[in-house]
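>>> Below are the sequence and a predicted model; questions follow.
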Amino acid sequence: MANPHRLTTDQVVDLIKEETGTELSASTFRGYVSRGQAPGPVEKIGRTPLWTRSEIVAWANNRPGQGARTDIPKSRRCRAG
């Protein structure tokens, strides 16, 4: 591999499990990427997409939990307090 600081899809899935304890399959991660819900690859070697470790760690630690509705905009109303 040309750049040892880049991660393949399988390495990304392993890193997500290591960082968050959440197990994702490679196909689930690829689906997130194709829908724009995960960072896109920063480089490709042939047909192999590659990601940076720092970008994946930041994304994994800030993604919403299971069942979160990300398609509904957050309410802009003020709460009375």
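Arrived safely. Residues are numbered from 1 along each chain as shown.
>>> doesn't residue 37 make contact with residue 59?
No: checked against Cβ atoms under 8 Å, the pair residue 59 and residue 37 is beyond contact range at 9.2 Å. Using the backbone N, CA and C atoms, a C-beta is placed for each residue, glycine as well.
>>> What are the phi and psi values at the residue sitting nearest the centre point of the chain?
The centre of the chain sits closest to residue 38, judged by Cα atoms, centre = their mean, with a distance of 3.8 Å. Note on residue 38: its backbone torsions stand at phi -140, psi 160 [degrees, to the nearest 10].
>>> so what's it up against?
By Cβ atoms under 8 Å, 6 or more residues apart in numbering, residue 38 lies in contact with 29, 32, 59, 63.
>>> In a strand, the first one, correct?
No: assessed by DSSP: H, G, I helix; E, B strand; the rest coil, residue 29 does not belong to a strand; its assignment is helix.
>>> Can you report how many residues lie near the residue lying closest to residue 23 once chain neighbours are set aside?
Excluding the flanking residues, the one nearest residue 23 by Cβ to Cβ, 6 or more residues apart in numbering is residue 17, at 5.4 Å. If you count neighbours by other Cβ atoms under 10 Å, residue 17 ends up with 13.
>>> Packing partners of the host helix or strand of residue 17?
Per DSSP states H and E: residue 17 is located in helix 9-20. For helix 9-20, the elements it packs on are helix 26-34, helix 53-62, judged by 3 or more Cβ pairs under 8 Å, 6 or more residues apart in numbering; DSSP states H and E.
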